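got a predicted structure here, sequence first:
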Amino acid sequence: METPPQLINKPEKLFIDNENYKYTQTRVQATQSIHLHENRVITGFKPGKWLESYKMLRTRCLQVMDAMSWNTLAITSPTNSTGNSLTAVNLAISMAMELNRSVLLVDANFTNPSVCNLFGIKAEAGLGDYLSHDTPLNELLINPSMDRLVVLPAGKEMLNSTEMLRSPKMIRLVNELKNRYPSRIIIFDLPPLLSQADTLGFSPYVDCVLIVVEEGHTKTEELKQAAVLLKEVNVLGTIFNKATDNKIKYTAA
């Protein structure tokens with residue numbers, strides 16, 4: 001018999017002092033501006049077109065998600081190296097800038113976890129440890145010293161990641177996260193769709209999916225294959241990343 005999942009016993013307590021959020025259960029790790037800048041994370045840059053591009057993407061995503069009462073979003077790509085992890089990080093930060101929102105960013109790419117590296121934070125455990133060893137969730141969450149944003153690292157690598165992401169325990173976790181905090185957006189950073197079965201197996205359990213493609217890298221046939229695989233899933237749109245004009249372009253599905 002499967003061990004019942006160990007979820008957070010109490011909602012996260014937040015005390016606001018001069019508009020600064022203080023986490024009482026979630027571990028806080030400071031990030032370095034120079035590291036964020038080197039990794040093209042928007043908080044490492046001065047206000048400009050990068051930040052505005054993600055704000056535009058955020059606004060368009062939230063308009064659709066709010067209209068449909070959706071709060072879970074998966075981000076993937078047809079193939080490797082398109083920048084979907086960076087897109088997930090920057091979109092999560094941008095959404096957390098909304099004063100009436102909070103964001104949980106889940107690194108569900110067990111083969112190539114990148115979220116913590118992009119922030120420059122260290123994690124000894126994460127989602128894999130929760131699924132495999134019942135590590136309590138509140139011991140795994142990290143706030144990267146940014147208001148209203150919490151990260152759940154990938155943690156333990158799992159050879160059976162496809163099966164674990166489809167397991168009853170994972171499904172219960174997704175439902176718990178969806179229903180506990182109505183104003184929270186949950187973003188899952190997932191592996192490329194055409195190279196691993198994880199994303200295809202997990203996608204039915206989220207409200208919608210964003211597909212990241214790269215200019216000059218993603219082939220039309222690859223995007224068509226991805227669209228066919230996700231035909232039963234709510235595809236929110238396609239992000240045209242690494243465009244030559246240095247702006248992120250979003251195309252609604």
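Okay, I see it. Numbering: from 1, shown residues only.

now the strands for the protein?
Assigned by DSSP state E, the strands in the chain fall at 14-17, 20-23, 27-28, 72-76, 102-107, 142-143, 149-152, 184-189, 208-214, 235-241, 249-252.

can I get those in JSON lines including mean pLDDT?
Formatted as JSON lines, the strands of the chain follow (pLDDT from 0 to 100):
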{"stretch": "strand 14-17", "mean pLDDT": "31"}
{"stretch": "strand 20-23", "mean pLDDT": "52"}
{"stretch": "strand 27-28", "mean pLDDT": "90"}
{"stretch": "strand 72-76", "mean pLDDT": "96"}
{"stretch": "strand 102-107", "mean pLDDT": "97"}
{"stretch": "strand 142-143", "mean pLDDT": "96"}
{"stretch": "strand 149-152", "mean pLDDT": "96"}
{"stretch": "strand 184-189", "mean pLDDT": "97"}
{"stretch": "strand 208-214", "mean pLDDT": "92"}
{"stretch": "strand 235-241", "mean pLDDT": "87"}
{"stretch": "strand 249-252", "mean pLDDT": "59"}
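
which one of these lies closest to Ser85?
Across these, Ser85 has its closest neighbour in strand 184-189 (5.3 Å, CB to CB). Glycine gets a C-beta too; all of them are placed from N, C-alpha and C.

ok, and the closest non-adjacent residue to His37?
Nearest residue to His37 in three dimensions, chain neighbours excluded: Gly44, at 3.4 Å (CB to CB, 6 or more residues apart in numbering).

okay, that neighbour: pLDDT?
Listed pLDDT for Gly44 reads 78.

include distance to Pro136 and mean neighbour count when you put the strands of the chain into TSV, please.
Shown next, in TSV, are the strands of the chain (distance: least, CB to CB, whole Å; neighbours: other CB atoms under 10 Å):
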stretch	distance to Pro136	mean neighbour count
strand 14-17	19	10
strand 20-23	16	14
strand 27-28	12	14
strand 72-76	22	26
strand 102-107	16	24
strand 142-143	14	22
strand 149-152	12	24
strand 184-189	18	24
strand 208-214	29	22
strand 235-241	32	19
strand 249-252	37	13
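
can you lay out those as a markdown table showing distance to Leu159?
Listed next are the strands of the chain as a markdown table, based on distance: least, CB to CB, whole Å:
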| stretch | distance to Leu159 |
| --- | --- |
| strand 14-17 | 37 |
| strand 20-23 | 33 |
| strand 27-28 | 28 |
| strand 72-76 | 20 |
| strand 102-107 | 17 |
| strand 142-143 | 25 |
| strand 149-152 | 20 |
| strand 184-189 | 20 |
| strand 208-214 | 25 |
| strand 235-241 | 29 |
| strand 249-252 | 35 |
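
what's the closest of the ones you listed to Leu57?
Comparison of those against Leu57 by CB to CB identifies strand 249-252 as nearest, at 5.2 Å.

coming back round to it: tell me the contacts of the residue nearest to His37?
When contacts are counted by CB atoms under 8 Å, 6 or more residues apart in numbering, Gly44 touches 33-38.

Thr238: which of the residues you listed is nearest?
Once CB to CB is applied, the member of the contacts of Gly44 that ends up nearest Thr238 is Leu36, at 26.0 Å.

hang on, isn't that closest one packed against Phe119?
Yes. In this structure, Leu36 is within contact of Phe119 by CB atoms under 8 Å, at 7.4 Å.

which one of these two is surrounded by more residues?
Neighbour totals were compared for Leu36 and Phe119, and Phe119 leads with 27 against 21 (other CB atoms under 10 Å).
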